[in-house]
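Student: Here you go, sequence then predicted model.
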Amino acid sequence: MELVRTLAGLSVSSIRQFRDDDSYIDRLNHRYTTTLCVVFAILVTTKQYAGDPIDCWVPAQFKSSYEAYTDSYCWIANTYCMN
């Protein structure tokens with residue numbers, strides 16, 4: 001419990017002190033690269049959870065109901081080729 005009180009008393013500025021051997025590029029790398037990777041990973045995976053999870057290619061002459069059926073079949077059967 002003492003450790004929690006000690007850590008709660010520390011300010012963010014005392015935890016994040018600049019090191020003498022860090023250059024501008026080093027700070028840019030270890031601060032912003034991780035953030036950018038996480039943001040882009042969230043953007044890329046958002047469609048899987050918020051949008052249409054799979055979008056199979058279907059010929060242009062398919063009606064929307066048959067396209068929805070084909071997407072469902074692709075989702076269940078992994079791959080479905082329409083000739």
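Tutor: That came through, no problem.
Student: mind showing which ranges of the protein have poor pLDDT?
Tutor: For the chain, residues meeting the criterion pLDDT under 70 lie at 1, 7, 9-20, 52-53, 78-83.
Student: which residues of it fall in helices?
Tutor: Taking DSSP state H as the test, the helices found in the chain are 2-9, 12-15, 24-28, 34-50, 64-77.
Student: Nearest to residue 56, out of those helices?
Tutor: Comparison of the helices of the chain against residue 56 by CB to CB identifies helix 64-77 as nearest, at 3.9 Å. Placement of C-beta: from N, CA and C, glycine included.
Student: before we move on, back to that, let's have the helices of the chain in TSV, adding mean neighbour count.
Tutor: Putting these into TSV (neighbours: other CB atoms under 10 Å) gives the following:
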stretch	mean neighbour count
helix 2-9	8
helix 12-15	7
helix 24-28	10
helix 34-50	10
helix 64-77	13
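Student: per-domain residue ranges of this structure.
Tutor: Domain segmentation of the chain under automatic domain parsing yields 21-51, 52-83.
Student: As TSV, those domains with distance to residue 8 would be great.
Tutor: Shown next, in TSV, are the domains of the chain (distance: least, CB to CB, whole Å):
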stretch	distance to residue 8
domain 21-51	24
domain 52-83	42
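Student: just to revisit the earlier point, list just the one of the helices of the chain that sits closest to residue 58.
Tutor: Nearest of the helices of the chain (CB to CB): helix 64-77, 5.0 Å.
Student: which strands and helices sit next to the closest one?
Tutor: On a contact count with 3 or more CB pairs under 8 Å, 6 or more residues apart in numbering; DSSP states H and E, helix 64-77 meets no helix or strand.
Student: can you list the helices of the chain in TSV and add distance to residue 57?
Tutor: Output for the helices of the chain, formatted as TSV (distance: least, CB to CB, whole Å):
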stretch	distance to residue 57
helix 2-9	53
helix 12-15	50
helix 24-28	41
helix 34-50	16
helix 64-77	9
